[in-house]
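*Asks:* Generate a structure from the sequence data that follows.
(2 chains)
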Number of protein chains: 2
Amino acid sequence: MTTSVNPRTGEAFGPDFADATADQIDNSVARALAAFPIWSRLSAQKRAFSLNAIADALDSQLEILVELADMETGLGKVRLTGEVGRTTFQIRSFAQALLQGDVIGQQLDVAVDAPLPIGHPRFLRTKTGIGVVAVFGASNFPFAFSVMGGDTASALAAGCCVVVKAHPAHPQTSQKVFDIAATALQATGAPDGVIELGHGFEFGQAVIRDPRISAGAFTGSRSGGRALFDLAQSRPEPIPFYGELGSVNPVVILESAFSEPAALSSAYLDSLLLGNGQFCTNPSLLLIPENSVFLTELGAQLKVREPQPFLSQATMELHGRNRAQLAARSAREVLKGKSAPSNGFFATAEICIFSASEISTFDFLQNECFGPTGIVITYKELPQALRILMKLEGALVGSLFTKELDLPALEVVELLSAISGRVALNAWPTGVAVTSGQHHGGPYPASTSPLHTSVGINAISRFLRPVTFQGFPAEFMRP
Amino acid sequence: MTTSVNPRTGEAFGPDFADATADQIDNSVARALAAFPIWSRLSAQKRAFSLNAIADALDSQLEILVELADMETGLGKVRLTGEVGRTTFQIRSFAQALLQGDVIGQQLDVAVDAPLPIGHPRFLRTKTGIGVVAVFGASNFPFAFSVMGGDTASALAAGCCVVVKAHPAHPQTSQKVFDIAATALQATGAPDGVIELGHGFEFGQAVIRDPRISAGAFTGSRSGGRALFDLAQSRPEPIPFYGELGSVNPVVILESAFSEPAALSSAYLDSLLLGNGQFCTNPSLLLIPENSVFLTELGAQLKVREPQPFLSQATMELHGRNRAQLAARSAREVLKGKSAPSNGFFATAEICIFSASEISTFDFLQNECFGPTGIVITYKELPQALRILMKLEGALVGSLFTKELDLPALEVVELLSAISGRVALNAWPTGVAVTSGQHHGGPYPASTSPLHTSVGINAISRFLRPVTFQGFPAEFMRP
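*Replies:* Below you'll find the predicted structure:
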């Protein structure tokens, strides 16, 4: 059973959501499977029409959605209003891509009359929706990576039907978004089952093992994502599983860009503490030149930042365990924020300072501490920082601040691009624009599928399977 | 230890190849990893030059390669000469794609000055080689899917270095191809380690588990491929594994195209018995209208076809086990070919005839019987055939023979495309042209990664990982 909890107070509120029963799970998947041949054969124009209708319906209920989500997640109304806007923008972007017709990328080879290996019949390579997709809602983005978030919207654009597992940290928001989307779909004449929603741990476990499911998409913790990935890969018939499991994102500041301690501290804390640090693109690891003035300024600014709540008790407890591991590594200095309230789900912000020259084991740099915790490593010479970068695991994003793209800077860019899906120049890593050129992924553990992105138009390609038609007449097109 | 065996006689010949030791395995991977930053940063033009040099070198040694491979595989000199041509054509096609510059598919978003979610900085989405790739040579294509086959060539084109595990059925051919390729690479100035070769079971097991390996590619049996896939996915850091595990490929003949029993029987047997049936695109499952004249003709023609050797004792034994399972299903009738020689690795060809209406369990239709064994299912009404198609697993290719693309034909096309990577119209499934529009893959077990192809230019994309550069000046390009 799932019940909403206000993270600012720790108090439960609102209706209970019963865990889906085995019959309900079976029915959800069966409805989605029945809808798939209909939805996937609709014209791109019709699917775009339905997607736009969902976006319009969500926008029209902005206030109630933001209010619900704020009570369940404590993320604040300003951020959540922006997130609904991002979510509907994203849905409309996928619809727009369908209308422009650049999603499939058909390839045509005309017949060639020649001896082998050059000669061949006519080939049309096109793509088709992969099937029914299981989507797992994220805790930290109740709209943009949940029921109608990027995974669902891109799968629907690809012609897939979607079975969503609601995140237990925001069941009411999930249910409300689902109701709005399902009603909008129905009004545009889409079949029942194009999108399905279920609550409860067992729902997710059963769905990812179900032979009628053809792919999975997940945004969340490394342990949860890896468990689902393992289930997906150990099925009798393994399926693609697009997990975005979080990341320790390095930010390197070169001496040339390291000035104005007050402005720099402020910008860093804005990024580090955004949404209480519960962002997969959080600047978890800051590499800076040794500078005591900056650290003093940073400490002073950190003390006056207001504590923000965790998304849930579970998130707070996981952060507590990770922070305890970090504390055992005896940082040179620990900067502490304003004391957190004792009720609700809070932690006092902390930034642990290490010297690059004193670091000899690197495992603690590979452990994401999801929440208001930062690691700062100071270096005296750049090679000390490069040595750290070479020990990092896959990351969603790496940032570099520099005045010039000179050789040392390019060396950092090379190392960041070797482990990251995105390299940002003179920009903090938080903030992931929804554009064609975006890539939100990266080598494991940033992503379980380093070739794919969960943000931007290319996200659709995760759910499209190529099929080549050989020797068909020119007028033959997939319905 | 691996030694060549002549499958026509069962006699061993030539040198022994020792299994790679742990040190040798470690050194191979280390050399490939050291070469990767150099090879991957070479210009596309330079990599294309090296690839073309390999193709030229292989062509220049055609006779000796064909002779060696014929003695090791028994595939015959005509077929093997064609296969070398296909292999070098394939290598040159990847080089050509590099020169044309259409491999990466860069995407550029200029900066947009607007409020969120619309505004964003400049993004350049490009792609980079994924790292060192482990390639597992196939038994049935000693050139086209082995040491310098499509997997290796496409990985090299992507800027990856490759560690190849030689197939034990053709160690001398593997070693010779490797020596030619390595010498050609060296002559073009490529670093040592761009391609590495090893022999022995343990070599493959160690390589796929090695943390320095970033992807795997395999063509072969379902059991072997699944075992490697499981190793790749259960690593602490899972990696993409592109396995092509074989397939039961359905061929449907509609009444309108079902005439001329002699010509049809001959064409079917040509495809079924090509290379002793050891093709992943073998027409394993033929669905035809009930017709006793055709079956009589087919039986008569089968009797006079010459037996061909298996690739190896292991292939013969696996075929024997699969055929025994099929025999247990009591076919309505079994057509038998000419008696096979008792020495060497042979089996008498067999075609098992079933009636669609009498089939109630379908598992035996999902079990590839790799070798000179066919299944023919006769139907009285088309829906009987459709019912069978709906029970099949993923396939590399499905064929349809029909006079017209009328509604019943389109229904078959729809069912074939739902399970196959390629649908061929009025053509037998064997013969996979190397073109841009080719797709050689399909839902599991045809492939462990249904979004990707192992034949055609798109094969390169398996080994390219996207990276987005945010906020970099326009003149910035990846080296």
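*Asks:* Can you list the buried residues in the host helix or strand of A:Gln90?
*Replies:* Here A:Gln90, judged by DSSP states H and E, is contained in helix A:77-100. Across helix A:77-100, burial judged by 16 or more other CB atoms under 10 Å in any protein chain shown covers A:80-95, A:97-99. No exception for glycine: its C-beta is placed from N, CA and C like everyone else's.
*Asks:* Report the entries of these that also contact chain B.
*Replies:* Contacts with chain B within the buried residues of helix A:77-100, as defined by CB under 8 Å from any CB of the partner chain: A:Gly82, A:Gly85, A:Arg86, A:Phe89, A:Gln90.
*Asks:* Then A:Gly14 would be within a helix, right?
*Replies:* No. A:Gly14 is assigned strand when assessed by DSSP: H, G, I helix; E, B strand; the rest coil, not a helix.
*Asks:* before we move on, the earlier item: name the helices or strands packed onto the helix holding A:Gln90?
*Replies:* helix A:44-60, helix A:62-73, helix A:150-157 (3 or more CB pairs under 8 Å, 6 or more residues apart in numbering or on different chains; DSSP states H and E).
*Asks:* so what does the last one touch, helix or strand wise?
*Replies:* If you count contacts as 3+ CB pairs under 8 Å, 6+ apart, helix A:150-157 packs onto helix A:44-60, helix A:77-100, strand A:132-136, strand A:161-165, strand A:213-219.
*Asks:* Can you give the distance from it to the centre of its chain?
*Replies:* Put simply, helix A:150-157 sits 13 Å off its chain's centre (CA atoms, centre = their mean, to the nearest Å).
*Asks:* Could you list the buried residues of the worst-scoring helix or strand of chain A on mean pLDDT?
*Replies:* Least confident helix or strand, chain A: strand A:107-109 with a mean of 92, by mean pLDDT, DSSP states H and E. Using 16+ other CB under 10 Å as the test for burial, strand A:107-109 gives A:Gln107, A:Asp109.
*Asks:* same check, this time on stretch A:11-31
*Replies:* Of the residues in stretch A:11-31, those buried under the neighbour-count criterion (16+ other CB under 10 Å) are A:Phe17, A:Ala20, A:Gln24, A:Ile25, A:Ser28, A:Val29, A:Arg31.
*Asks:* show me what contacts A:Thr152?
*Replies:* Applying CB atoms under 8 Å, 6 or more residues apart in numbering or on different chains, one finds that A:Thr152 lies in contact with A:Val135, A:Val162, A:Val164, A:Ile195.
*Asks:* Am I right that A:Thr3 is in a helix?
*Replies:* No. Secondary structure of A:Thr3 (three-state DSSP): strand, not part of a helix.
*Asks:* how many neighbours does it have?
*Replies:* 13 (other CB atoms under 10 Å in any protein chain shown).
*Asks:* Now do the same contact list for it.
*Replies:* By CB under 8 Å, 6+ apart, A:Thr3 lies in contact with A:Ala12, A:Phe13, A:Gly14, A:Pro15, A:Asp16, A:Phe17, A:Pro171.
*Asks:* ok, what's across the strand from A:Val5?
*Replies:* A:Val5 forms beta bridges with A:Ala12, as assigned by DSSP bridges.
*Asks:* related to what we said a few turns ago, and the contacts of A:Thr152, which are buried?
*Replies:* A:Val135, A:Val162, A:Val164, A:Ile195.
*Asks:* I'd like those residues laid out as JSON lines, including distance to A:Lys391 and pLDDT.
*Replies:* Shown next, in JSON lines, are the buried ones among the contacts of A:Thr152 (distance: CB to CB, whole Å; pLDDT from 0 to 100):
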{"residue": "A:Val135", "distance to A:Lys391": "34", "pLDDT": "98"}
{"residue": "A:Val162", "distance to A:Lys391": "38", "pLDDT": "98"}
{"residue": "A:Val164", "distance to A:Lys391": "37", "pLDDT": "98"}
{"residue": "A:Ile195", "distance to A:Lys391": "42", "pLDDT": "98"}
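*Asks:* on that earlier part again, which one, of the helices and strands packed on helix A:150-157, ends up nearest to A:Val5?
*Replies:* helix A:77-100 (16.8 Å; CB to CB).
*Asks:* before we move on, the earlier item: and the buried residues of stretch A:11-31, which is closest to chain B?
*Replies:* Chain B lies nearest to A:Val29 out of the buried residues of stretch A:11-31, by CB to the nearest CB, at 17.2 Å.
*Asks:* Could you verify my assumption that the closest one touches A:Val162?
*Replies:* No. Contact criterion CB atoms under 8 Å: A:Val29 and A:Val162 do not qualify, at 11.0 Å.
*Asks:* Mutual contacts of these two, please.
*Replies:* Contacts common to A:Val29 and A:Val162, judged by CB under 8 Å, 6+ apart, are A:Val132, A:Glu196.
*Asks:* and A:Lys380, how many neighbours?
*Replies:* Per other CB under 10 Å, the neighbour tally for A:Lys380 reads 12.
*Asks:* swap in the one 3 residues further on?
*Replies:* Here the number of neighbours of A:Pro383 (other CB under 10 Å) works out to 12.
*Asks:* Repeat that for A:Ile288.
*Replies:* Neighbourhood size, A:Ile288 [other CB under 10 Å]: 25.
*Asks:* And stretch A:112-130, what's buried?
*Replies:* A:Pro117, A:His120, A:Pro121, A:Arg122, A:Phe123, A:Leu124, A:Arg125, A:Thr126, A:Lys127, A:Thr128, A:Gly129, A:Ile130.
*Asks:* Stretch A:419-432 now?
*Replies:* Those buried within stretch A:419-432 under the rule 16+ other CB under 10 Å are A:419-425, A:427-432.
*Asks:* check those against chain B, which are close?
*Replies:* Among these, the residues lying close to chain B (CB under 8 Å from any CB) are A:Ser420, A:Gly421, A:Arg422, A:Val423, A:Ala424, A:Leu425, A:Ala427.
*Asks:* Touching, the first one and A:Leu396? I think so.
*Replies:* Yes. The criterion here is CB under 8 Å, and A:Ser420 meets it with A:Leu396 at 6.8 Å.
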